[in-house]
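Undergrad: Next input, structure requested:
(2 chains)
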Amino acid sequence: MVALAALAAVVLLAIGGTAGYLLSSNRSGQVVPASGSVDAGFAQDMIVHHRQGVLMAHLAEIHSDDPEMQRYAYDMAHTQTAQVGQMEGWLVLWGLPEIGVGAHMAWMTVGGHQHGGSADAPLATTGLMPGMATDKELSRLESLRGKDSDVYFLQLMIRHHEGGTPMMQYAGAHSANQVVRNFAAQMLTTQSTEVTDMTNMLAARGAKPLDYTAPILPGG
Amino acid sequence: MASGKKAKKGRSGKPVLTRKRGVPWLAIGAVAAVLALGVTIGVVVLSTTSYSPSASNQDPSLQIDGIYAKPKLYQSALHVQSTQRVDYDRYPPVGGPHDGYWAACNGVVYLVAMRDENMVHTLEHGAIWIAYNPDTIAPGDLDILTGLVQGQQFMVMSPYPTLATHPISLQAWGHQLQVDSASDERVQQFITALRRNPYVYPEIGATCDQPTFPTTDIPAELRFDPSPRGADTIPLDGGDLAADSSEMPAASTSGSAAAGG
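TA: This next block holds a predicted model:
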């Protein structure tokens, strides 16, 4: 009896150990988010926000004759394109559309709970998201060359980064997935310093940032 | 043989567990406890043997003997001019302000020592930089290291003449490991744990391609400068470069995001 019990214990231990090993190898904190959730909304809206940033960076790279600016814009265009690819990949795996429906930023509900109503989402908008350039501004950027293009690109991109900040902060704090929280937080840290860096680059070219204050999500 | 049969018969004739009436709580409890112990052991075994980063094991390099790991100490995305030098806290450097012009790090083996400020930028993009002292590295080790780098994405290698204590030094963003032998198992552990680890490198998605960066015939301004850094070097925290914090959205609005939660 003792031998049988010992054998059973060994077998159970092996089963448990294997299960634990397999469980933890799959245990990456993944939650498949629903439509309208923080994760879904962040990915869908940040893709749109990023795509305009990529376009502006491409324009800056091909219209500049300053190697420093060309490298900077190349870095930004490539990095944000790769980030768009990651977010598109999540949406495919989550079975959600790349393009969201309804208002942008409606997922940023005050207090971190999703009530489904835009009354709780003070930054929700059906138009351009904060910091994004208008068609008129994009046309102007397309028309400029050399240092004029460099300066205007930096001005638009500083505002673009600042406008995207609340989304990154909100996703960094409220996403259900560790992967998404980390992604948003890393992006926020990098872009915050890029704003400083681009402000320095503007100053070196005798110019200043546009007059702009990013929207602040009210506490609640 | 005969005695064995006898013993079996004797055992089957006494069904110990079914003899008692009611729910066998003791047996169930024992089974559950043993299973739970097994699961725990399984999880622990995995977390101490895998060097692949994941959401539940974000920096597996912390398990490596002799690792230096302080990724949050270093300011990312802050650029210096091509004529400026940075006062790094260790050499080879592992993070901090750097030149906006990153050295191509898509499997490039540089044959001359390279400027620190260009190499640090490769770490920000998620690359592993293998540095070695060409005078003290063991025979054959250079071939082994070259094999780890050539043709590999997010790997870059260059000689580092002032490397003193150990002949080989591995760098990732905010991380360093120095070893004596290229065959040391910790070399591969370091690479597995830290190359393109999204919890470690700051600029998620950034590339190691730098089409305009020379990989042969390196001009003097992109080479390692062995002279001591002067008083005009940029401090590790960026100094005046980072001083314009009033423009930083994170600094002015992060509190409200926290309040929103």
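
Undergrad: Skip the chain neighbours and tell me the closest residue to B:D141.
TA: B:A182 (3.9 Å; CB to CB, 6 or more residues apart in numbering or on different chains). In short, each C-beta sits where N, CA and C put it, glycine included.

Undergrad: same check, this time on B:D65
TA: B:R186 is the one closest to B:D65 (CB to CB, 6+ apart), at 6.7 Å.

Undergrad: quick one, helices of the chain?
TA: No chain in the question, so chain A it is. A:2-26, A:38-63, A:67-94, A:135-143, A:146-174, A:178-204 (DSSP state H).

Undergrad: My question was about chain B, not that one.
TA: Counting by DSSP H, the helices of chain B are B:2-12, B:16-19, B:25-49, B:116-124, B:141-149, B:185-194, B:249-260.

Undergrad: Please tell me how far A:S64 sits from B:D143.
TA: 42 Å (CB to CB, to the nearest Å).

Undergrad: got the contact list for B:D232?
TA: B:D232 makes contacts with B:Q84, as judged by CB atoms under 8 Å, 6 or more residues apart in numbering or on different chains.

Undergrad: Quick check, the residue nearest to B:D65 in contact with B:I64.
TA: Yes: if you go by CB atoms under 8 Å, B:R186 and B:I64 touch, sitting 5.2 Å apart.

Undergrad: And A:S64 and B:D143? Which one has more around it.
TA: Remark: of A:S64 and B:D143, A:S64 carries more neighbours, 22 against 9, as counted by other CB atoms under 10 Å in any protein chain shown.

Undergrad: Can you report how many residues neighbour residue 132?
TA: If you meant another chain, say so; for now it's chain A. For A:M132, using other CB under 10 Å, the count is 20.

Undergrad: could you do chain B instead?
TA: 24.

Undergrad: partners of it in the sheet?
TA: Here B:Y132 sits in beta bridges with B:P159, B:I168, going by DSSP bridges.

Undergrad: so it sits right up against B:L170, yeah?
TA: No: B:Y132 is not in contact with B:L170 according to CB under 8 Å; the separation is 9.7 Å.

Undergrad: show me where pLDDT drops low in the chain?
TA: Unless you meant another one, I'm taking chain A. For chain A, applying pLDDT under 70 flags the ranges A:1-2, A:5-14, A:16-29, A:111-119, A:219-220.

Undergrad: Let me rephrase: I mean chain B.
TA: Using pLDDT under 70, chain B drops low at B:1-21, B:42-49, B:243-261.

Undergrad: Give me the nearest residue to residue 58, chain neighbours excluded.
TA: Here I'm looking at chain A. Nearest non-adjacent residue to A:H58 (CB to CB, 6+ apart): A:A77, at 5.2 Å.

Undergrad: was after chain B, sorry
TA: B:Y199 (3.9 Å).

Undergrad: Contacts only, for the one you found.
TA: Counting by CB under 8 Å, 6+ apart, B:Y199 touches A:182, B:53, B:58-59.

Undergrad: Kindly tell me how buried B:P211 is, as a neighbour count.
TA: Number of residues near B:P211 (other CB under 10 Å) recorded here: 6.

Undergrad: State the distance from it to A:H49.
TA: 27 Å.

Undergrad: Residue 208: neighbouring residues, count only.
TA: Since you didn't name a chain, this refers to chain A. 14.

Undergrad: To clarify, I was referring to chain B.
TA: 21.

Undergrad: That one against B:A127, yeah?
TA: Yes: counting by CB under 8 Å, B:C208 touches B:A127, with 5.5 Å between them.

Undergrad: okay, and the common contacts of those two?
TA: B:105, B:154, B:156.

Undergrad: Could you tell me which of those are located in strands?
TA: Counted as lying in strands by DSSP state E, out of those, are B:V156.

Undergrad: Could you pick out the buried ones from the shared contacts of B:C208 and B:A127?
TA: B:105, B:154, B:156 (16 or more other CB atoms under 10 Å in any protein chain shown).

Undergrad: Name the nearest of these relative to B:L35.
TA: B:F154 (41.3 Å; CB to CB).

Undergrad: mind listing what the nearest residue to A:M76 once chain neighbours are set aside touches?
TA: Distances taken as CB to CB, 6+ apart place A:A57 nearest to A:M76, at 4.4 Å, with adjacent residues excluded. A:A57 is in contact with A:73-74, A:76-77, A:80, A:153, A:157, counting by CB under 8 Å, 6+ apart.
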